[in-house]
Each structure stands twice: as structure tokens, then as C-alpha cells.
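>>> Fold the following and give me the result.
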Amino acid sequence: MKSKPDELTRLLSEFFTEYLPITKGLSVNTITAYQYAFQLLVHLEQERQCTAKTRNVRRSAIIAFAKYAAKKSFSSSLPFYSEAISSTKKKEPKNNIIKYFLKEEIQLLLKLPDTSKAIGQRDVTMLAVLYATGARAQELCDITLNDITLATPSFPTKVRSTGKGNKSRVVTIPASCTSIITEYLRIRKYDLNNKS
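Next up is the predicted model:
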């Protein structure tokens, strides 16, 4: 006869399937990040050479579960809770250098994809939208045709992106990026007037 999973395993399952999505209302991306934290629980810095910042993000996910487990079943979770809470937050090095691409560097990046091929057209469009919106990679992946409003004589092009915590923002796109988006939509035969 198979043994039942221990209390901590059951709580961990509930944490991901009920507490985070339903009780806390966290996004799928945040829950995925928490799950990843547990997969990388051991030796984050030594084996994977993660930064202190990454280690601290993983630590916060683990502590969130430890607190949840302690509320649900204190005696079963006490050893894990004690271990998690006693792990110290590492000091993150201050990096005051603002890193950004020069205009010339962006122009070079946009010339790299081979736009004679469909994949190159896609890549140059992605690069242009990333640069114009400042979106994260996942935000870019989540953009749909409904999120794009092309320019009219009165208004510039706008793109809505949804980030962490399902917070949306609308960004005005410059004309240079608008022309890249418009050309990509034309080539792929996407019609913004018929977004279904």
C-alpha cells in the first residue's frame, strides 16, 4: 500500500493550486516564478552562479510558503519554517550605472535580422516593440492584436502591455516603430479592423 504524502508535501500542493492563485490572486507568471524557486532551492549561488538579487527573490518565495504552511499545520511545518526563516537575506551590491543602448546601437540591432525571411521580419518587429515600449519579454509575448491601436491623423500608435500583477499600461509608439509594426501586420495579413 502506498504511503500518503506527508503533510508538508500536501501543503505545498495546496500552496500552488489554491492559496497563490485563488486566495492571493497572483498571476500565472508569479506562480511559475515561485515554482521555479523551489526547483532551485539548493546551491543557487555555487552551482548556478546566481546573483544575490536572484537568491533573495527565490528566498522570498520559500518564506511565503513557510508562513503559509505554519498557519495551516504548525507542528508539521516547524522544521521547514525554522530553516527558511533563519536563512539570511544577502546584501545586494549597489549598481548605480544606468545601462542603455545608444541610438546608433539600436539601429545596428534592427539591421541584424534578415527581413527577406518571415522569421527576420518577426525578429525586427519584436526588437522594435521591445525598444519602443520598454516591455519585458513576457509582456511582449502576451500582446495581442486587441492591444494595438494604429496611428490615425489625430492620434499616435498605442500598445497596451500587461506586466506583473496583471497591471496594464498603454505606451505611445513612435512613427519609426509604427511603420515596422504596420509592415509586419501587412505581410502577415493581420487586419486590425477584424481582430477576431
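>>> now the strands for this structure?
Secondary structure of the chain (DSSP state E): strands at 148-149, 157-162, 168-173.
>>> Just the pLDDT for residue 90.
We have a pLDDT of 67 for residue 90.
>>> Over to residue 120?
For residue 120, pLDDT reads 92.
>>> do residue 49 as well
65.
>>> out of the strands of the chain, nearest to residue 194?
With C-beta to C-beta as the measure, strand 148-149 is the member of these nearest residue 194 (13.3 Å). Where you see a C-beta, it was placed from the backbone N, CA and C, and this is true even at glycine.
>>> I'd like to know which elements that closest one is packed against.
Strand 148-149 is packed against strand 157-162, with contacts defined by 3 or more C-beta pairs under 8 Å, 6 or more residues apart in numbering; DSSP states H and E.
>>> And the contacts of the strand it packs on?
For strand 157-162, contacts defined as C-beta atoms under 8 Å, 6 or more residues apart in numbering pick out 129, 132-133, 135, 139-140, 142-143, 147-151, 168-173, 175, 177-178, 181.
>>> repeat for stretch 24-42
Residues from elsewhere that reach stretch 24-42, judged by C-beta under 8 Å, 6+ apart: 12, 16, 20-21, 48, 50, 57-59, 61-62, 64-65, 138, 164-166.
>>> So which of the residues you listed are in helices?
If you go by DSSP state H, the contacts of stretch 24-42 have 12, 48, 57, 58, 59, 61, 62, 64, 65, 138 in helices.
>>> still on that earlier bit, can you add mean neighbour count and give the strands of the chain back as a markdown table?
Shown next, in a markdown table, are those (neighbours: other C-beta atoms under 10 Å):
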| stretch | mean neighbour count |
| --- | --- |
| strand 148-149 | 18 |
| strand 157-162 | 19 |
| strand 168-173 | 14 |
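>>> what's the closest of these to residue 104?
Among these, the nearest to residue 104 by C-beta to C-beta is strand 168-173 (20.6 Å).
>>> Output the closest one as CSV, nothing but the C-alphas.
The C-alpha trace of strand 168-173 is given here as CSV (Å, rounded to 0.1, in the frame of the first residue of the first chain):
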residue,chain,number,x,y,z
SER,A,168,-1.7,47.1,-17.8
ARG,A,169,-0.1,50.2,-19.2
VAL,A,170,-0.5,51.9,-22.6
VAL,A,171,2.6,53.2,-24.4
THR,A,172,2.7,55.6,-27.3
ILE,A,173,4.8,54.2,-30.1
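>>> heads up, I number from 34, so please use that
Taking 34 as the first residue, the last one we looked at is strand 201-206.
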